[in-house]
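> Attaching a predicted model along with its sequence, questions to come.
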Amino acid sequence: MKAHFFVSLAALLAPPLMASEPVMFCERPLVAQPVAKNTWMVEGLKEELSASNCGHIGNQAFIATPSGVILIDSGSSPHFGEALKTLIAQHSSQPVRWVLNTHHHPDHFFGNAAFDEAQHLTLTTTRALMARDRDALIDNVERLTGRSLERSLIALPDAIEAGDITLGSYPLTLYAMGGHSGGDLVIMDHATGVLFLGDMGFYQRTAATAHTPGLQQWLEELSDLRALDARIAVPGHGPSAPSDTVLEQTAHYLTWLDQRLSDVASEGLGANHALTIELPDAFSTMALTEYEYTRSVMQLYPRYEARLLWGAPH
């Protein structure tokens, strides 16, 4: 389905800021890394939410188009969103006209409020998850970062369907997936060959699996994404890299995790046994592997036990 969103020709008259002026957040400079022509990403820290990082753990990306800037994910707070807006202004005199949120986790959409003049868009399934979990997610961000959030500012984006879309005059293709969170938007820019994965892809940072409907679904969707033959991928966490490299690393870890949990459950052993393992060297370059593996065992193992020992459906 094609959707057309037209904007006025009136653009902001203020020129971009001098690129030499650092934009600071949480006592660290934010850096816009070039990914392709008129396309940048801002890489979050490969950490979990904490007071020391003020919540800046997820990636954002933006595309400067003649009709305005397209922002993909907005960070974990309105305060971060304001810093991000300042950074974007160093690279385009156009305002942010559209914000696309890839999924419902707070480090990807809580910054939307800083872009109140933009249209905020996400999948219908993602919007429903945002509505369901918003209050609990706000509580968790406040607890982990020690920073309060104004709840009224954490609004829900509008729903949009997957398919071809034109924002102003700029075409993108949206894919509806669900392997990571149950509602995952993946965006393909055919003009530059950039694939914006959200948290369907992690690179040099171990995948978080708390809300996955199932690792097999996630793996099947990663296989579908490989067929897009993108040039470069922007993951939800970690640096950009050739698309196959990002997708293969994510799939390698998830395949190993699925097999490990299946093997232990099939032997009738408990979750504590699943935890007693030396992690493969292949994952040694990835941040938070022990942390995320432990979380995955605690969150996912009961499903494997129920299915493989007691015959529960997938």
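That came through fine. As the structure is a prediction and not an experimental result, all values here were calculated from the model.
> Low-confidence stretches in the stretch 1-150 of the chain?
By pLDDT under 70, the weakly predicted segments of the stretch 1-150 of the chain are 1-20.
> That one: strands as residue ranges?
Along the stretch 1-150 of the chain, counting by DSSP state E, counting those that start in this stretch, strands occupy 3-5, 23-25, 28-30, 33-36, 39-42, 60-65, 68-72, 96-100, 119-123.
> Give me whichever of these is most buried.
Greatest average neighbour count among the strands of the stretch 1-150 of the chain goes to strand 68-72 (a mean of 27), per mean count of other Cβ atoms under 10 Å. All C-beta atoms are positioned from the backbone trio N, CA, C, and that covers glycine.
> for that one, packing partners?
If you count contacts as 3 or more Cβ pairs under 8 Å, 6 or more residues apart in numbering; DSSP states H and E, strand 68-72 packs onto strand 60-65, helix 78-89, strand 96-100.
> Okay, now the sheet partners of that strand, with direction.
Partners of strand 68-72 in the sheet, by DSSP bridges, are strand 60-65 (antiparallel), strand 96-100 (parallel).
> if we can go back for a sec, now the helices and strands packed on strand 68-72 as a markdown table including distance to Thr206?
Formatted as a markdown table, those follow (distance: least, Cβ to Cβ, whole Å):
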| stretch | distance to Thr206 |
| --- | --- |
| strand 60-65 | 20 |
| helix 78-89 | 23 |
| strand 96-100 | 25 |
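> a markdown table for the strands of the stretch 1-150 of the chain, including distance to Tyr301?
Formatted as a markdown table, the strands of the stretch 1-150 of the chain follow (distance: least, Cβ to Cβ, whole Å):
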| stretch | distance to Tyr301 |
| --- | --- |
| strand 3-5 | 41 |
| strand 23-25 | 37 |
| strand 28-30 | 36 |
| strand 33-36 | 37 |
| strand 39-42 | 34 |
| strand 60-65 | 33 |
| strand 68-72 | 33 |
| strand 96-100 | 34 |
| strand 119-123 | 29 |
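> wait, which of those is closest to Asp263?
The minimum distance between Asp263 and the strands of the stretch 1-150 of the chain falls on strand 119-123, with 34.4 Å, by Cβ to Cβ.
> Alpha carbons of that closest one, as CSV, please.
Listed in CSV are the C-alpha atoms of strand 119-123, where the atom choice follows Å, rounded to 0.1, in the frame of the first residue of the first chain:
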residue,chain,number,x,y,z
GLN,A,119,4.4,13.1,12.5
HIS,A,120,5.1,10.0,14.6
LEU,A,121,4.5,6.7,12.9
THR,A,122,4.7,3.0,13.8
LEU,A,123,3.0,-0.3,13.1
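> What strands line up against that strand, and which way round?
Strand 119-123 pairs in its sheet with strand 96-100 (parallel), strand 158-160 (parallel), by DSSP bridges.
> Distance from the chain centre to the longest one, please.
The gap between the average C-alpha position of strand 96-100 and the chain average comes to 15 Å, counting by Cα atoms, centre = their mean, to the nearest Å.
> ok, now the shortest one?
Relative to the chain's own centre, strand 158-160 is displaced by 17 Å; criterion: Cα atoms, centre = their mean.
> State the next helix or strand along the chain beyond that strand.
strand 163-167 (DSSP states H and E).
> How far away from the center of its chain is that following strand?
Taking Cα atoms, centre = their mean, one finds strand 163-167 lying 20 Å from the centre of the chain it belongs to.
> And the helices in the stretch 201-314 of the chain?
Applying DSSP state H, counting those that start in this stretch to the stretch 201-314 of the chain gives helices spanning 215-226, 243-266, 271-275, 289-310.
> Tell me if I'm right that Val69 and Ala89 touch.
No. With contact defined as Cβ atoms under 8 Å, Val69 does not count as touching Ala89 (9.1 Å).
> Okay, and the beta partners of Leu121?
Beta-bridge partners, per DSSP bridges, of Leu121: Leu100, Asp158.
> what's it in contact with, if anything?
Trp98, Val99, Leu100, Asn101, Pro157, Asp158, Ala159, Ile160 (Cβ atoms under 8 Å, 6 or more residues apart in numbering).
> between those, which is nearest Thr212?
Lowest distance from Thr212 to the contacts of Leu121 (Cβ to Cβ) belongs to Asn101, with 18.3 Å.
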